[in-house]
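Student: What shape does this take:
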Amino acid sequence: MTVISERFGFNVTDDFPIKLLEDAHAAISDPDESRRKQLAWREWAGACNGVLYRFMACAEHCDRLVASLTASTSPPVPERYEQEKLLYNFFAEGLSSLECLYYGVYFAGALVGPTDMDPQRNPRDVVPKFVTERFEDVFPTELVTSRLRQVLDSADHAVWKTVRNVLTHRVAPGREHHEGGPTSGNTYWLGDLLDPESFATRRAWLSGALTEILEGFEVFTRTHLAGASEH
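Tutor: Residues are numbered from 1 along each chain as shown. Modelled structure (predicted):
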């Protein structure tokens, strides 16, 4: 199922929190033209696109991966190669969507308080851990701050990051196919069961994590940025 995003101009999967992103983007971008000329706004705008585009790509590749794994978790080449490609795409794009949101949240914070949140900070530094710690220092009572920490420290985020890093920097892991015993017929990959349901579950976690942060972020932008720019 898809929903139409009038602001972004195309259909979006219904498990993406598009209304929250649209509302936050409107609060940041619509008040006046001078804000849209600032460096921090440009960084936000690019990150905003990244949140949506990477999730959409992740969702597309998740659908294809689930369909392929449903047919077989041990297909011959070239379908095995296709699955390996989709596994990488799923984890890289999904985590990228989340990391883009953290990046964008930082630069929205810089629009609110450029003295405390340097808009010229080296982009390499603006990773989820850094963003969370800066918000805890500068905006400790905001809902978005607690949500950033909650997602960052979650076990699901840790697994997602570990798998992404393994696939990106280390190896394309093999698979264990079990025959006989209580796990007969199961296929394991990086120590976990490789089955269609697991990817539906991971996609649901990603959707939920984005929603949790965006709920707090929408309140933050509406409170601090919905009026005319002061900087």
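
Student: CA only for contacts and neighbour counts going forward, please
Tutor: Fine.

Student: number of nearby residues for the nearest residue to His157 once chain neighbours are set aside?
Tutor: Take His157 and drop its neighbours on the chain: the residue closest to it by CA to CA, 6 or more residues apart in numbering is Val151, 6.8 Å away. Taking other CA atoms under 10 Å as the neighbour definition, Val151 ends up with a count of 21.

Student: Now whichever strand or helix holds Lys19: buried residues?
Tutor: Lys19 is part of helix 18-29, with elements assigned from DSSP states H and E. For helix 18-29, the buried set under the neighbour-count rule, 16 or more other CA atoms under 10 Å, comprises Ile18, Leu20, Leu21, Glu22, Asp23, Ala24, His25, Ala26, Ala27, Ile28, Ser29.

Student: repeat for stretch 171-188
Tutor: For stretch 171-188, by 16+ other CA under 10 Å, it's Arg175, Glu176, Thr187, Tyr188.

Student: Quickly list what the third one is bridged to.
Tutor: In other words, Thr187. His177 (DSSP bridges).

Student: what does the helix holding Lys19 contact?
Tutor: 5, 7, 12, 35-36, 41, 48, 108, 211, 214-215, 217-218, 221-222, 225-227 (CA atoms under 8 Å, 6 or more residues apart in numbering).

Student: Stretch 134-146 now?
Tutor: Counting by CA under 8 Å, 6+ apart, Tyr106, Gly109, Asp116, Met117, Thr132, Ile213, Leu214, Glu215, Gly216, Phe217, Val219, Phe220 sit against stretch 134-146.

Student: repeat that for 10 Å
Tutor: By CA atoms under 10 Å, 6 or more residues apart in numbering, the list of residues contacting stretch 134-146 from outside reads 105-106, 109, 113, 116-117, 126, 128, 130-133, 148-150, 152, 212-221.

Student: Quickly find the element holding the spatially most central residue of the chain.
Tutor: The centroid of the chain falls nearest to Leu98 when counting by CA atoms, centre = their mean (2.1 Å). Element membership of Leu98, judged by DSSP H and E, is helix 79-112.

Student: Could you give the separation of that helix from the chain centroid?
Tutor: Here the centre of helix 79-112 is set off from its chain's centre by 5 Å, with CA atoms, centre = their mean, to the nearest Å.

Student: And the average pLDDT for it is what?
Tutor: The pLDDT scores in helix 79-112 average 98.

Student: Give me the buried positions along that helix.
Tutor: For helix 79-112, the neighbour count (16+ other CA under 10 Å) marks 80, 83-84, 86-112 as buried.

Student: tell me what that helix is packed against?
Tutor: Using 3 or more CA pairs under 10 Å, 6 or more residues apart in numbering; DSSP states H and E as the contact test, the elements touching helix 79-112 are helix 18-29, helix 39-71, helix 128-138, helix 143-152, helix 155-169, helix 196-224.

Student: and Thr201, how far is that from Tyr103?
Tutor: Thr201 sits 25 Å away from Tyr103, going by CA to CA, to the nearest Å.

Student: So, low pLDDT: which residues of this structure?
Tutor: Counting by pLDDT under 70, the chain contains low-confidence ranges at 228-231.

Student: ok, now with 90
Tutor: 1-2, 6, 10, 32, 179-180, 183-185, 227-231 (pLDDT under 90).

Student: looking at the helices and strands packed on helix 79-112, which is closest to Thr183?
Tutor: helix 196-224 (16.1 Å; CA to CA).
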